[in-house]
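Student: With the sequence up front, the predicted model follows.
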Amino acid sequence: MEALKSKKIWNRKNKRRLFIVLMLAYPVFHFLFFWVFVNINTIVMTFQTWKESTDFEDLGSSYYAFAGLLNYRVLFYSIAHDAKTREMIVNSLSYVVLNICIILPLSLVAAYVLFKKIPLSGFYRVMFFLPSIIPLAALVVCFKSMLDSQQGSLILLMKALGIPDPGFLSTTKMLQVTIWLFMIWSGMGYNIILFSSAMARMPMEVLESGKLEGVSSPRELVQIVVPLIWPNITTMVLLGLMSTFTVAMQPMMISGNVNNTIGLYIYSNSLGSNAGLISAATLGLVCTIVAAPVVLVIRWLMERCFKDVTF
């Protein structure tokens, strides 16, 4: 009788349910703890301040205290009156322009040229993608060594061609230019791989019919290829918008905290004092509130540029 009950409990249906529960337990816990709890705690933190205890018995101890909208007032006052804060925001927004207006078009053209099966296209594809798989620290060291004013390979080449050394690593402005060049150099490979994969899925009949009609390569790229891979372009534009908040390690490794960004500010302050953690949380929440509707509107507009094509 006991064997029959055990067999009934551990039938195939119950085993399947147990398997599903065990498989979902970790991702559900990960979502609840590292997303729901962390984000709720971050929101609560923006309404708090870090205070030193004034009680004689607890002298020297510190605690979180309710501060209302104080952190938000401090942040908006800093944006309105602090030049370094405004410079940080401008630096962060410059990466959106860089990604969408420079890196994305260059990547699209490069992917199209490689798609046309030029000689050594496979080698060029690997060379473009190589910076994307090398650790960032090693990549920065390699890039800065090329721009060294004494022994940098690029500087020596420029001097051989009669081009003066602009001093890429000498001033704050040139350091910002250096960071932009590094972003272009290291950021194109990932985009090229995504665009190349999308182009490889395009129906060849459409391209062949264009050739029969005498469509030139630039026209083919603009009027045929771009509409067919428009969902991929939309995704890359949205990722480019997110670079406002995600670019942090590149400026830190190239210029330290000189060319600050929103991402670098949040990272640096989250590693410091509790007061710095509160200001980082406040800035992060404000950026989320501002960025979320902007991203959704831009996505809505881009999805209406071309009809969705399935192939």
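Tutor: On my side now, so go ahead.
Student: Arg86 touches Ile79, doesn't it?
Tutor: Yes - with contacts counted by CB atoms under 8 Å, Arg86 reaches Ile79, the gap being 6.6 Å. (C-beta placed from N, C-alpha, C; glycine too.)
Student: pLDDT weak spots in the stretch 1-150 of the chain?
Tutor: Within the stretch 1-150 of the chain, the set of residues satisfying pLDDT under 70 comprises 1-10, 52-61.
Student: do the same with the stretch 151-300 of the chain
Tutor: Judged against pLDDT under 70, the low-scoring parts of the stretch 151-300 of the chain cover residues 272.
Student: ranges for the helices of it?
Tutor: Using DSSP state H, counting those that start in this stretch, the helices of the stretch 151-300 of the chain run over 153-160, 172-200, 204-212, 217-220, 226-228, 230-246, 249-255, 262-270, 274-303.
Student: Out of those, flag the one nearest Thr49.
Tutor: Nearest to Thr49, of all the helices of the stretch 151-300 of the chain, is helix 274-303, at 6.7 Å by CB to CB.
Student: which of the residues in that closest one are buried?
Tutor: The neighbour-count criterion (16 or more other CB atoms under 10 Å) identifies 276-287, 302 as the buried residues of helix 274-303.
Student: what angle do it and helix 230-246 make?
Tutor: With axes from the mean of the first three to the mean of the last three CA atoms, to 10 degrees defining the directions, helix 274-303 sits at 160 degrees from helix 230-246.
Student: which helices and strands does helix 274-303 pack with?
Tutor: If you count contacts as 3 or more CB pairs under 8 Å, 6 or more residues apart in numbering; DSSP states H and E, helix 274-303 packs onto helix 38-45, strand 48-52, helix 70-81, helix 230-246, helix 262-270.
Student: Just send those back as JSON lines, with distance to Asp165 too.
Tutor: Supplementary listing: these in JSON lines, determined by distance: least, CB to CB, whole Å:
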{"stretch": "helix 38-45", "distance to Asp165": "45"}
{"stretch": "strand 48-52", "distance to Asp165": "47"}
{"stretch": "helix 70-81", "distance to Asp165": "37"}
{"stretch": "helix 230-246", "distance to Asp165": "29"}
{"stretch": "helix 262-270", "distance to Asp165": "27"}
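Student: between these, which gets nearest to Val140?
Tutor: Ranking the helices and strands packed on helix 274-303 by their distance to Val140 (criterion: CB to CB) puts helix 262-270 first, at 14.0 Å.
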